[in-house]
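J.: I would like to see how this sequence folds:
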Amino acid sequence: MTAEYKVHGSVAVITLANPPVNGLGLSTRQGIVDGLTRANDDAAVTSIVITGAGGAFSGGADIKEFGTDKSLQEPNLHSVIAAVENSAKPVVAAIHSVCMGGGLELALGCHYRIAAPGCSVALPEVKLGILPGAGGTQRLPRVVGVEAALNMIVSGEPVKSELIGSIPGQKLFDKMAASPEALAAEALAFAQSVADVRPMPLVRNLPCKHPQGDAYFQFARNMVKGMSKNFPAPAKCVDAVEAATKKKFADGLLFERELFINLMWTPESRSLRHLFLAERAASKIPDVPADTPKRDIKAVAVIGAGTMGGGIAMNFLNAGIPVKMLEMKQEALDRGIATIKKNYEAQVKKGKLKQDKYEQRMALLSTTLDYADLKDADLVIEAVFEELGVKEAVFKQLDAVMKPGAILASNTSTLDVNKIAHFTQRPQDVVGLHFFSPANVMKLLEVVRGDATAKDVLATVMAVAKKIRKTAVVSGVCDGFIGNRMIEQYGRQGGFLLDEGCTPEQVDKAMEKFGMAMGPFRMGDLAGNDIGWAIRKRRYTEKPDMKYSKTADLLCEKGRFGQKTGAGWYDYVPGKRDAIPNAEVVKMIEDHRASLGITPRKISDEEIVQRLVFSLVNEAAHILEEGIANKASDIDVVYIFGYGFPVYRGGPLNYANEVGLFNVVQAMNRFAKNPLDDAAFWKPAPLLAKLAAEGKTFN
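T.: Residues are numbered from 1 along each chain as shown. Here you go, the predicted model:
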């Protein structure tokens, strides 16, 4: 049982015990109902307390049951709440630490609530593309007021219990405990004090109105529409809360349930739920058990004080870990430190960082020009020029000075981590940590596992990633790892579309309408077109049969490297990120097209999206087959957090599942017939062909 029952004098205490957050899984729900029955059958018991063990009252639904029959099996949460409301003896919720989702809905079903200070209270269902489904939209407005409730439900953001306790006229908490430690004793005393009070209060019987009525809900709808155009759930939250003010309670509950079930089946909710689970699963590595011992990381060294090195250093400073930064020249160090200071000062100015916190972080940063000064670091991350010879020199130096057991990491985005590891006498201690730019902002971290990388090194860097608030995904060694290997195919398709009749603007607009943060050409300008050029030059010798459009090379020959030079596929005005179409670039594309004897054709947005996205899907299927990625959901996480893929589509492989793999393969067979495309590339990866033929999906 994941709910414990104990009697203290005349009070029965039901304690939810389903770690880590006392999720309301089937056995926990059963335990609550059984406890209520026992308490009501025991003449010596006059009142009941429900609380949570460990670090939570309850975080809501048990994610292990998402999408399974158990999640709906009786007693479901509605039935549990009904049993609480119908108890012949008063039920008090003793709330602490975390009270979210179904946990808050359960508390709202109790007759009374006592809360510890510092408790995070939320209905976060909107973040999974749904709305509260066990009365949250009907009960919360009755206890905190319509506006406060709607704000909580539409944002899904947690609010501290003491803040709610200070709302005039709030009825969510009948009492605030003096401290988290005092909660248990105060809850028992409170339960005894209300044991004989009849009738017992019920949230469902409280009135619910808004003085402006229709006008307020119209205003709320307009606000929500502007902020969440690709997400259906927030607008439905407004409808549900409005129903609480207009319908009888029981009818409002039915209306909420209907909206909840409809939202569960939307592709957006399926995608958000997929991503929620995928993000949690990314840290699990099949052959590295959760109890693998980890190395202590108390001090970090960073080689290189450029944009990347500075951004990497900031992640550790933010987490309170001291960083020593190494450069070859003092002026490079000075520049690097000035950039870090500028970044922090901008946060202070915006009120996002307190002055004392900024000073604490800067105090953790030290610098050196001498490798010998790094000898005590537990982890060293190299962020130098992306060239194997440069990396070799760095790793040989590190091998000579670093203490035994230190982890040696490379921030390479494409180079062979196995080669880098063998520049040292300790390949087991070498790992790739590919941060995405800007490294202090982007959530994704690709952890590249070399053939020799030790399991405790992997376990350690995954734990460190969590500490510096990154979402880490493990990749095997191949050219470009997961993300950049796929983006190369995406970029190639973009080039072919220019040859066949598109402009950069048309391709980018189609992809941005699909939901990408930016299209391939704006992305190239942001990253620097010279980076892609360097990769292509390498390809021309390594893979001479790989086909590319020549337009990107022509652009680079003109020195148009993107935002940093003020000119790429677009023009840029200093200080602004707006991409301004350039007539010369369009003419260059047209001239190149004419030189190949190609007659331009009109290309639909649908074709643009399918060719670019399905190129990601096919390459991803090869990556899975080769074991470079552990699971399909890891690839989705890489694309959402590192490449601006739309969250509400759940990543390229989840999107392919939604479209149907049969349809994806059909489209690829069509693209293979286009003489200007690359027919060999469009041959479906064996894994994709197999899944489509069997009517299965990725994951």
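
J.: For Val288, give me the backbone phi and psi.
T.: phi -120, psi 100 (degrees, to the nearest 10).

J.: give the contact list for it.
T.: Val288 makes contact with Lys455, Leu458, Ala459, according to C-beta atoms under 8 Å, 6 or more residues apart in numbering. Every C-beta, even on glycine, is put in place using the N, C-alpha and C of the backbone.

J.: For the first one, give me its contacts.
T.: Looking back up the chat, that one is Lys455. Asp287, Val288, Thr292.

J.: got it, and Val7?
T.: Val13, Asp42, Ala44, Val45.

J.: Next step: those restricted to strands.
T.: Val13 (DSSP state E).

J.: Going by neighbour count, which of the contacts of Val7 are buried?
T.: Neighbour-count burial (16 or more other C-beta atoms under 10 Å) is assigned, among these, to Val13, Val45.

J.: Contacts only, for the closest residue to Ala527 other than its chain neighbours.
T.: Closest residue to Ala527 apart from its sequence neighbours, by C-beta to C-beta, 6 or more residues apart in numbering: Gly562 at 7.1 Å. Going by C-beta under 8 Å, 6+ apart, Gly562 touches Gly524, Asp525, Leu526, Ala527, Gly528, Asn529, Asp530, Gly568, Trp569.

J.: among those, which ones are buried?
T.: Gly524, Asp525, Leu526, Ala527, Gly528, Asn529, Asp530, Gly568, Trp569.

J.: Which pLDDT value belongs to the second one?
T.: Yep, that's Asp525 we're talking about. Per-residue pLDDT puts Asp525 at 93.

J.: is it true that it touches Pro581?
T.: No: in this structure, Asp525 is not within contact of Pro581 by C-beta atoms under 8 Å, at 11.8 Å.

J.: pretty sure Arg560 contacts Ala567?
T.: Yes: the pair Arg560 / Ala567 is scored as a contact, 4.5 Å apart, by C-beta under 8 Å.

J.: returning to what we had before: in a markdown table: the contacts of Val288, plus secondary structure.
T.: Below are those laid out as a markdown table (DSSP: H, G, I helix; E, B strand; the rest coil):
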| residue | secondary structure |
| --- | --- |
| Lys455 | helix |
| Leu458 | helix |
| Ala459 | helix |
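
J.: from those, which single one is nearest Val146?
T.: Ala459 (48.2 Å; C-beta to C-beta).

J.: What is the neighbour count of the closest one?
T.: Ala459: 20 surrounding residues under other C-beta atoms under 10 Å.

J.: got it, and Ile340?
T.: 22.

J.: got the contact list for the residue nearest to it when sequence neighbours are not counted?
T.: Setting aside the residues directly before and after it, Ile340 is nearest to Gly310 in space (C-beta to C-beta, 6+ apart), at 5.0 Å. Going by C-beta under 8 Å, 6+ apart, Gly310 touches Met325, Gly336, Thr339, Ile340, Asn343, Ala439, Asn440.

J.: Can you tell me which of the residues you listed end up in strands?
T.: Using DSSP E, the contacts of Gly310 in strands are Met325.

J.: What's the PyMOL syntax to select whichever of the contacts of Gly310 are buried?
T.: Here is the PyMOL selection string for the buried members of the contacts of Gly310, based on 16+ other C-beta under 10 Å:
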select buried, resi 325+336+339+340+343+439+440
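
J.: just curious, which of the contacts of Gly310 is nearest to Glu382?
T.: Met325 (11.7 Å).

J.: What does the pLDDT read for that closest one?
T.: 97.

J.: do the same with the one 10 residues further on
T.: The predicted local confidence for Arg335 comes out at a pLDDT of 95.

J.: Just confirm it contacts Ala305, I think it does.
T.: Yes: in this structure, Arg335 is within contact of Ala305 by C-beta under 8 Å, at 6.8 Å.

J.: More neighbours: those two, which one.
T.: Of the pair Arg335 and Ala305, Ala305 is the one with more neighbours under other C-beta under 10 Å, namely 26 against 14.

J.: Relative to the whole chain's centre, how far out is the lowest-mean-pLDDT helix or strand in the chain?
T.: When each helix and strand of the chain is scored by mean pLDDT, DSSP states H and E, helix 529-542 comes last, with a mean of 88. The chain centroid and the centroid of helix 529-542 are separated by 31 Å under C-alpha atoms, centre = their mean, to the nearest Å.

J.: The closest residue to Ala281 other than its chain neighbours sits in which helix or strand?
T.: Nearest residue to Ala281 in three dimensions, chain neighbours excluded: Ser633, at 5.7 Å (C-beta to C-beta, 6+ apart). Assigned by DSSP states H and E, Ser633 falls within helix 632-642.

J.: can you give me the strands for the stretch 301-450 of the chain?
T.: Using DSSP state E, counting those that start in this stretch, the strands of the stretch 301-450 of the chain run over 323-326, 365-368, 379-382, 407-410, 430-435, 444-448.

J.: Pick the most deeply packed of those strands.
T.: Comparing these on average neighbours per residue, with mean count of other C-beta atoms under 10 Å, the densest one is strand 407-410 at a mean of 28.

J.: and for it, what are the contacting residues?
T.: For strand 407-410, the surrounding residues in contact (C-beta under 8 Å, 6+ apart) are 295, 297, 378-382, 391, 395, 398-399, 402, 417, 420, 424, 426, 429-433, 448, 457, 460-461.

J.: Who are the packing partners of the next helix or strand after the helix holding Ser633?
T.: Scanning forward in sequence from helix 632-642 by DSSP H and E, the next helix or strand is helix 652-659. Helix 652-659 is packed against helix 267-281, helix 605-625, helix 632-642, with contacts defined by 3 or more C-beta pairs under 8 Å, 6 or more residues apart in numbering; DSSP states H and E.

J.: if you go through the stretch 301-450 of the chain in chain order, where are the helices?
T.: 307-318, 330-349, 355-363, 388-401, 417-421 (DSSP state H, counting those that start in this stretch).

J.: Run a quick neighbour tally on Asp41.
T.: 8.

J.: cool, and Pro75?
T.: Neighbours of Pro75 (other C-beta under 10 Å): 16.

J.: Over to the one 3 residues further on?
T.: The tally of other residues near His78 (other C-beta under 10 Å) stands at 16.

J.: Check Phe423 too.
T.: 20.

J.: Equivalent analysis for Val121, please.
T.: Val121, neighbours per other C-beta under 10 Å, totals 24.

J.: wait, doesn't it sit right on Lys160?
T.: Yes: between Val121 and Lys160 there is a contact under C-beta under 8 Å: 7.4 Å.

J.: tell me the domain boundaries of the protein?
T.: 3-264, 300-475, 483-693 (automatic domain parsing).

J.: can you pull the contacts of Ser166?
T.: Ser166 neighbours (C-beta under 8 Å, 6+ apart): none.

J.: quick one: it and Val457, what's the gap?
T.: For Ser166, the distance to Val457 equals 48 Å [C-beta to C-beta, to the nearest Å].

J.: same check, this time on Lys543
T.: Per C-beta to C-beta, Lys543 is found 32 Å from Val457.

J.: what's stretch 576-584 in contact with?
T.: By C-beta under 8 Å, 6+ apart, stretch 576-584 touches 503-505, 508, 522, 525, 563, 567, 569-573.

J.: and Ile487, what element?
T.: Assigned by DSSP H and E, Ile487 belongs to helix 483-500.

J.: mind listing the strands for the stretch 151-300 of the chain?
T.: According to DSSP E, counting those that start in this stretch, the strands that the stretch 151-300 of the chain contains are 159-160, 175-176, 300-303.
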